[in-house]
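Asker: Need coordinates for the following:
(chains A and B)
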Amino acid sequence: QKEVEQDPGPLSVPEGAIVSLNCTYSNSAFQYFMWYRQYSRKGPELLMYTYSSGNKEDGRFTAQVDKSSKYISLFIRDSQPSDSATYLCAMSLILTGGGNKLTFGTGTQLKVEL
Amino acid sequence: ETGVTQTPRHLVMGMTNKKSLKCEQHLGHNAMYWYKQSAKKPLELMFVYSLEERVENNSVPSRFSPECPNSSHLFLHLHTLQPEDSALYLCASSQGEGFYEQYFGPGTRLTVT
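Answerer: Below is the predicted model of the structure:
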């Protein structure tokens, strides 16, 4: 079983739709939960991160974590064509020597159509 | 230059070649990372350096050899690679202690022929 499972898509939605992206994980030791966005030919960029169960909102984006179910979600409201990208969930463990170890899902490719 | 830069952006090498990938961060961070991104697979952590010391080696084959001469520079030395090593190699940096955001470079697209 993979430590992090994510549906690779592709997911195609019309402009203005609400998008729901999800990941499940198996390692209960993960401490932080992140969503990265990666455009074609670019490195991933951090969208949001959360530590505890619950919701965190930032503009059109809402991240949700349910530690009891080992399930995280990202919701995008009023989706725009510029949101078309690959969305990667990631889970973090802090390393005792410094830095932190991220474990990623495979990424979900999203296309928002006009 | 700002953020995290990587050179070269594209590299084609034969299986008997030796080459190096370079990463430089301009963010004042003290932790640096190498990741491998293959098609249809998750981003895989390869190495972590904190204050120029290697703190994590994620069971990477010895044909990949990292080097961190200072907190701003990270290299990945490659030798006798296999075609399955063809991938996008991403460098990232962050502050060291505790949880901090990792900032990624644009990656080096490596093709092994």
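Asker: Would you map the helices across chain A?
Answerer: Applying DSSP state H to chain A gives no helices.
Asker: So which bits of it are right by chain B?
Answerer: A:2, A:4, A:6, A:8, A:31-32, A:41-46, A:49, A:51, A:88, A:90, A:92, A:94-107 (C-beta under 8 Å from any C-beta of the partner chain). C-beta: built from backbone N, CA, C; applies to glycine.
Asker: who's sitting farthest from the centroid in the chain?
Answerer: Defaulting to chain A. What lies farthest from the middle of chain A is residue A:97; by C-alpha atoms, centre = their mean that is 26.3 Å.
Asker: Wait, chain B was what I had in mind.
Answerer: In chain B, the greatest distance from the average C-alpha position (C-alpha atoms, centre = their mean) is reached by residue B:98, at 21.0 Å.
Asker: Does it touch residue A:94 like I think?
Answerer: Yes: using C-beta atoms under 8 Å, residue B:98 is in contact with residue A:94, at 6.1 Å.
Asker: got any residues that touch both of those two?
Answerer: Taking C-beta atoms under 8 Å, 6 or more residues apart in numbering or on different chains as the criterion, residue B:98 and residue A:94 both touch residue A:100.
Asker: Just checking: what are the partner strands of the helix or strand bottoming out on mean pLDDT in chain B?
Answerer: Every helix and strand in chain B was compared by mean pLDDT, DSSP states H and E; the lowest is strand B:53-57, with a mean of 84. Here strand B:53-57 is paired, per DSSP bridges, with strand B:44-50 (antiparallel).
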